[in-house]
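J.: can you look at this prediction? I've put the sequence above it.
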Amino acid sequence: MRALVLVLFVVNSLALIGLILLQMSRHAGLGGAFGAGGSYTVFGREEKRDPKRTATVVLVTIWFVLAAILPLMH
């Protein structure tokens, strides 16, 4: 059981790293440092409809749950 949780934790961590790196590509560079990447629409980016943001929240939640469970398993 511990091995399964550990494998899920590693796979989730790698997916989270990849997703964060995908999000950083739009904000990379000097223009992103000053907010140029945040204007996908006239009034800025729609945070609530961004599927990458939703997926990141889900993966981070799963990561925290798995990180809390792993030390409890012997």
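T.: Good, I have the coordinates. Numbers count the residues shown, from 1 in each chain.

J.: what's the spacing between Leu59 and His74?
T.: Per CB to CB, to the nearest Å, Leu59 is found 26 Å from His74. Every C-beta, even on glycine, is put in place using the N, C-alpha and C of the backbone.

J.: neighbour count winner among those two?
T.: Legend: neighbour count by other CB atoms under 10 Å for Leu59 and His74, higher for Leu59 (18 against 4).

J.: helices of the chain, residue ranges please.
T.: Here the chain has its helices, by DSSP state H, at 2-27, 30-33, 51-69.

J.: okay, those in TSV with mean pLDDT next?
T.: Below are these laid out as TSV (pLDDT from 0 to 100):
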stretch	mean pLDDT
helix 2-27	89
helix 30-33	55
helix 51-69	94
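
J.: neighbours around Met24, how many?
T.: So Met24, with other CB under 10 Å, has 11 neighbours.

J.: got the contact list for stretch 49-64?
T.: For stretch 49-64, the surrounding residues in contact (CB atoms under 8 Å, 6 or more residues apart in numbering) are Phe9, Asn12, Ser13, Ala15, Leu16, Leu19, Ile20, Leu22, Gln23, Glu47.
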